[in-house]
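**Q** Give the three-dimensional model of this entry:
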Amino acid sequence: MASRFIALSLFVLSALALPSPQLAPRQAACATSSTLPGYNNTILPNPFQFDDGTPVTTADDWACRRSQIAALVQGYEAGYLPPAPPVVTTTFSESGSTGTLPPGSFSNNITYPSGTAPASEWPLVIAYDALSIPVPDGVSDNSWTSVLHRGVGLFYDLYGSNATASAMTAWVWGVSRIIAALEQTPAANINTAKIAVTGCSRDGKGALMAGAYETRDSGDAVQQATEIVTEDPWFSANFNNYVYNISELPYDHHELAAMVAPRGLLSYENTEIEWLSPLSAWGCMSAAHSVYEALGISDYHGFVQVGNHSHCYFPTSLEDSLYAFFDKFLLDKPDTNTDYFSTNYAFNGTVFNPSYWINWTTPDLS
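**A** Sure thing, here's the model as predicted:
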């Protein structure tokens, strides 16, 4: 790999509000800091080690460690994610729900399946910009347009154009507002305990961020960190300070993906596009998978790498894995097999060496 900074994958389906094991944090070890001065590590940071070096040994510990990772990602890369605004009013009509919060408002249209809503109400997929995956019968969808510039949009109208939040952090905030609006509008017939979020390319990164933070319930021609920050909105301005020495970051994106645990996470990578660094994505998701393995729910985390298709095109050959995750996490079919974790190893002649990048032993936290 060209550097320790791990790329993210193309298609992401994160389960936001699904029934899952309840993890109570261990309060004594949950002190968080947005920075760790003096940190330097050229391999992947250990997700099973607290900031003070104490090991993560139980499922309760993971909830605590997750809060530490969340603080670090905000401090170094994503910027501050504010809590819910104090006042939000919501209305609903057949054309969709509208939320109003000073000084602006937002509206989103919901596409419903045909027929009568089930007794448990409709599950929902929230799509960044537009759906890039097929959705099975019985699932509603809601698409919304993500802001393309940091400092522009309703979030920044509320918190100021100089807010540290990256565009992706503002997107997380927007997803949370949509869910909050649905919680206030039972007439929408949406089961807010059965919600997933999806996106492709930059929107896939956004979907992963939403899955990590909304918790209701290397090839040789890849894009480098120094190039990513020239694309303006995806990261906080704070991240510019680390793009030439990524080893100073006390976390990496395998831990961002692992923050979704114990909820479901499914993502896909197109090995046809070297610029997206499929080798790094395989390393990232392999390392994240160890957290799901530690919690005894490895089948809650799916990742599939294939090629021979264009950017943001979803091959029909992947529908089995996609529909399996829909069945298990949104359509009340808990016994569905979701054991999908594979790659075609098309890494432009390079290989991922886990013995170099991963120096930890996966504990049993289940």
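
**Q** so where do the helices sit in the stretch 151-300 of the chain?
**A** For the stretch 151-300 of the chain, the helices defined by DSSP state H, counting those that start in this stretch cover 154-159, 167-183, 202-213, 225-228, 253-258, 278-294.

**Q** Dump these to TSV, plus distance to residue 42.
**A** Yep, even glycine has a C-beta here, placed from its N, CA and C like the rest. Formatted as TSV, the helices of the stretch 151-300 of the chain follow (distance: least, C-beta to C-beta, whole Å):
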stretch	distance to residue 42
helix 154-159	35
helix 167-183	26
helix 202-213	24
helix 225-228	14
helix 253-258	15
helix 278-294	14
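
**Q** Lowest average pLDDT across those helices?
**A** Ranked by mean pLDDT, those bottom out at helix 225-228, with a mean of 55.

**Q** okay, now residue 355: neighbour count?
**A** 6 (other C-beta atoms under 10 Å).

**Q** Quickly find the element holding it.
**A** helix 354-357 (DSSP states H and E).

**Q** Tell me the secondary structure at residue 141.
**A** Using DSSP: H, G, I helix; E, B strand; the rest coil, the structure places residue 141 in strand.

**Q** And it, how close does it get to residue 236?
**A** 30 Å (C-beta to C-beta, to the nearest Å).

**Q** Residue 309 now?
**A** As judged by C-beta to C-beta, residue 309 and residue 236 stand 33 Å apart.

**Q** ok, the residue nearest the centre of the chain to residue 80 distance?
**A** Among the residues of the chain, the one closest to the centroid is residue 208, at 1.5 Å (C-alpha atoms, centre = their mean). To residue 80, residue 208 is 19 Å away according to C-beta to C-beta.

**Q** and if you look at residue 261?
**A** 23 Å.

**Q** which residues of this protein fall in strands?
**A** 11-15, 89-93, 96-101, 104-108, 110-111, 122-128, 140-144, 190-200, 265-270, 301-306, 341-342 (DSSP state E).

**Q** quick one: which of these has the weakest pLDDT on average?
**A** strand 96-101 (a mean of 50).

**Q** that older thread, what would the strands of the chain look like in a markdown table with mean neighbour count?
**A** Converted to a markdown table, these look like this (neighbours: other C-beta atoms under 10 Å):
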| stretch | mean neighbour count |
| --- | --- |
| strand 11-15 | 26 |
| strand 89-93 | 15 |
| strand 96-101 | 19 |
| strand 104-108 | 15 |
| strand 110-111 | 18 |
| strand 122-128 | 25 |
| strand 140-144 | 20 |
| strand 190-200 | 25 |
| strand 265-270 | 27 |
| strand 301-306 | 23 |
| strand 341-342 | 16 |
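
**Q** Out of those strands, which is closest to residue 213?
**A** strand 11-15 (10.1 Å; C-beta to C-beta).

**Q** so residue 273 makes contact with residue 311?
**A** Yes - between residue 273 and residue 311 there is a contact at 6.0 Å, judged by C-beta atoms under 8 Å.

**Q** Compare these two and say which one has the larger neighbour count.
**A** residue 273 (17 against 12).

**Q** residues contacting that one?
**A** Applying C-beta atoms under 8 Å, 6 or more residues apart in numbering to residue 273 gives the contacts residue 311.

**Q** what about it, distance to residue 313?
**A** 11 Å.

**Q** now residue 178
**A** 27 Å.

**Q** go on, residue 55?
**A** For residue 55 relative to residue 313 (C-beta to C-beta), the value is 43 Å.

**Q** Pick out whichever of the two has more residues nearby.
**A** residue 55 (14 against 11).

**Q** so what pLDDT did that one get?
**A** pLDDT at residue 55 comes out at 93.

**Q** who does it bridge with?
**A** Per DSSP bridges, the residues bridged to residue 55 are residue 49.

**Q** That one against residue 48, yeah?
**A** Yes - shown here, residue 55 and residue 48 form a contact pair, counting by C-beta under 8 Å, at 6.3 Å.

**Q** Need the residues touching each of the two.
**A** residue 363.

**Q** separation between the nearest residue to residue 321 once chain neighbours are set aside and residue 303?
**A** Distances taken as C-beta to C-beta, 6 or more residues apart in numbering put residue 340 closest to residue 321, at 4.1 Å, once the chain neighbours are dropped. Going from residue 340 to residue 303 by C-beta to C-beta gives 8 Å.

**Q** any common contacting residues for the two?
**A** Residues touching both residue 340 and residue 303 (C-beta under 8 Å, 6+ apart): residue 266.

**Q** Mind pulling up the pLDDT for residue 147?
**A** Here the pLDDT value assigned to residue 147 is 61.

**Q** Okay, and the beta partners of residue 111?
**A** Under the criterion used here (DSSP bridges), residue 111 is bridged to residue 141.

**Q** from here on, count from 136
**A** Happy to do that; since the first residue is 136 now, the last one works out to residue 246.

**Q** Go through stretch 467-484 and flag the buried ones.
**A** Residues of stretch 467-484 classed as buried: 473, 475, 476, 478, 481, 482 (neighbour count, 16 or more other C-beta atoms under 10 Å).

**Q** Thanks a lot, catch you later.
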